[in-house]
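# just to be clear, the model below is a prediction. Sequence and coordinates:
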Number of protein chains: 2
Amino acid sequence: MSTTPPYLIPSRLAKRTQYDTETICSILDEALFCVISYSVDNRPFAIPTAFVRYEDKIYIHGSVGSHFIREIEKGIPVCISIMLTDALVVAKSAFSHSVNYRSLTIFSKAEKIEDTETKRAAFEWLTNKIVPDSWEYLRPMKDNEVKKTTALAFSFEEASAKTRTGMPNDEEEDLELPIWSGLIPLQTNRLAPIADELSKNIPLPSHLM
Amino acid sequence: MSTTPPYLIPSRLAKRTQYDTETICSILDEALFCVISYSVDNRPFAIPTAFVRYEDKIYIHGSVGSHFIREIEKGIPVCISIMLTDALVVAKSAFSHSVNYRSLTIFSKAEKIEDTETKRAAFEWLTNKIVPDSWEYLRPMKDNEVKKTTALAFSFEEASAKTRTGMPNDEEEDLELPIWSGLIPLQTNRLAPIADELSKNIPLPSHLM
């Protein structure tokens, strides 16, 4: 896009900012957790939580008794922050050090999902994002569990991605210095599942292999 | 501690909340990144950034031109959110799914570091946290680089940790179900360093091995 959307603060590093849906969705679909910030009496509060994107909305869930959920379900402005870190960027000077990352900032407001079927669907999308293909294997969700849980949806129309990729950008006068520069990649892995005592004799389902 | 500090919102899950300095510092010293939230006209904004703890303060840095830095250096209230994720907690029902995590919520206000020596020290602490033992190896920081960079300190007196550990807590009536339950550990690793073109013939320093 050639123009900066009006809701965004101009960034010092415009080249790192992207607004295209493909980039935004790729970050939303890879990250498992976000931090949701909101203001009460001009004081900031922030809570990390799991989320899932489905079509053009982000969904979160929480206990109907959660202070956080009850505050943001009013539809007050929220800022959703997501960051994936890909590498530490090690330059020849500390000043040129950086991080390769893919981050999102989304300004939105919660929309409370009242419809039971959509609520159930949101829990299914979320469960299948955290543990792919697991929903059908689990004990089915009970009506009272759906009642005890709030589902909130957020549009991500007001979203911007910031990303950095590639090698260090050292200062011109530093390029010849015999100091090692490059990347230290960061990678988050899921390790082999560990069964609890109740499951020692239960076969690991195929979606966890 | 037996009493809830007055700045904290009572949590539904009091057993997961901890206020001891040892727990708080262990999370601060392991996490590389935090999300800093602040409010302007009762609207929330949030920025992810690297940080370091040194003694009883947290330090961040940023360009003197950064909109974010210029806003919070005024000393307005901020909420600092940090989360380390240790495992996905896979229960026999979606409702009992959870996450093993160690998170911190800190309410604070920035204190701008004006003293040049403390600023330099903060950059050294931050650099040595991100890449241990690297500061002395790098091209020394120049005076104008120190001038172009703001360092902010935050007390973490108003901090609370929330943590979850251990196996799933399934509902009593689900315990006998032949459904696998347990943990999927999550682990973030630093992979082998990748040299840039300028460093192909420069030995990897010992602190990166």
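Arrived safely, thanks for sending. Residues are numbered from 1 along each chain as shown, chains lettered A, B, ... in the order given.

# would you mark the buried spots in the longest helix belonging to chain A?
The longest helix of chain A (DSSP state H) is helix A:116-130. Using 16 or more other Cβ atoms under 10 Å in any protein chain shown as the test for burial, helix A:116-130 gives A:119-120, A:122-130. From N, CA and C alone the C-beta is placed, and that goes for glycine too.

# which one of those residues is nearest chain B?
Checking these against chain B with Cβ to the nearest Cβ, the nearest one is residue A:127 at 4.6 Å.

# wait, isn't the closest one in contact with residue A:138?
Yes. Between residue A:127 and residue A:138 there is a contact at 7.2 Å, judged by Cβ atoms under 8 Å.

# name the residues contacting each of these two.
residue B:94 (Cβ atoms under 8 Å, 6 or more residues apart in numbering or on different chains).

# ok, back up a step: got the CA positions of the longest helix of chain A in PDB?
C-alpha atoms of helix A:116-130 as PDB (Å, rounded to 0.1, in the frame of the first residue of the first chain):
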ATOM      1  CA  THR A 116     -23.800 -20.600  21.400                       C
ATOM      2  CA  GLU A 117     -22.900 -22.300  18.100                       C
ATOM      3  CA  THR A 118     -20.400 -19.600  17.200                       C
ATOM      4  CA  LYS A 119     -19.000 -19.800  20.700                       C
ATOM      5  CA  ARG A 120     -18.500 -23.600  20.400                       C
ATOM      6  CA  ALA A 121     -16.900 -23.100  17.000                       C
ATOM      7  CA  ALA A 122     -14.500 -20.500  18.400                       C
ATOM      8  CA  PHE A 123     -13.400 -23.000  21.100                       C
ATOM      9  CA  GLU A 124     -12.900 -25.600  18.400                       C
ATOM     10  CA  TRP A 125     -10.800 -23.200  16.200                       C
ATOM     11  CA  LEU A 126      -8.700 -22.300  19.300                       C
ATOM     12  CA  THR A 127      -8.200 -25.900  20.400                       C
ATOM     13  CA  ASN A 128      -7.300 -27.000  16.900                       C
ATOM     14  CA  LYS A 129      -4.800 -24.200  16.600                       C
ATOM     15  CA  ILE A 130      -3.000 -24.900  19.900                       C
END
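
# is chain B contacted by that helix?
Yes. With Cβ under 8 Å from any Cβ of the partner chain as the measure, helix A:116-130 is seen reaching chain B through A:123-124, A:127, A:130.

# ok, and what's touching that helix?
A:29, A:32, A:50-52, A:54, A:59-61, A:113, A:134-135, A:138, A:141, A:143, A:146, A:149, A:151, A:153, B:88, B:94, B:97.

# among the residues you listed, which ones are buried?
Buried among those by 16+ other Cβ under 10 Å: A:32, A:50-52, A:54, A:59-61, A:113, A:134-135, A:138, A:141, A:146, A:149, A:151, A:153, B:88, B:94, B:97.

# got the contact list for residue A:152?
Per Cβ under 8 Å, 6+ apart, neighbours of residue A:152: A:59-62, A:69, A:72-73, A:110-113.

# partners of the longest strand along chain A in the sheet?
What stands out as the longest strand in chain A, according to DSSP state E, is strand A:77-90. Its sheet considered, strand A:77-90 pairs with strand A:33-40 (antiparallel), strand A:98-109 (antiparallel), strand A:182-190 (antiparallel) by DSSP bridges.
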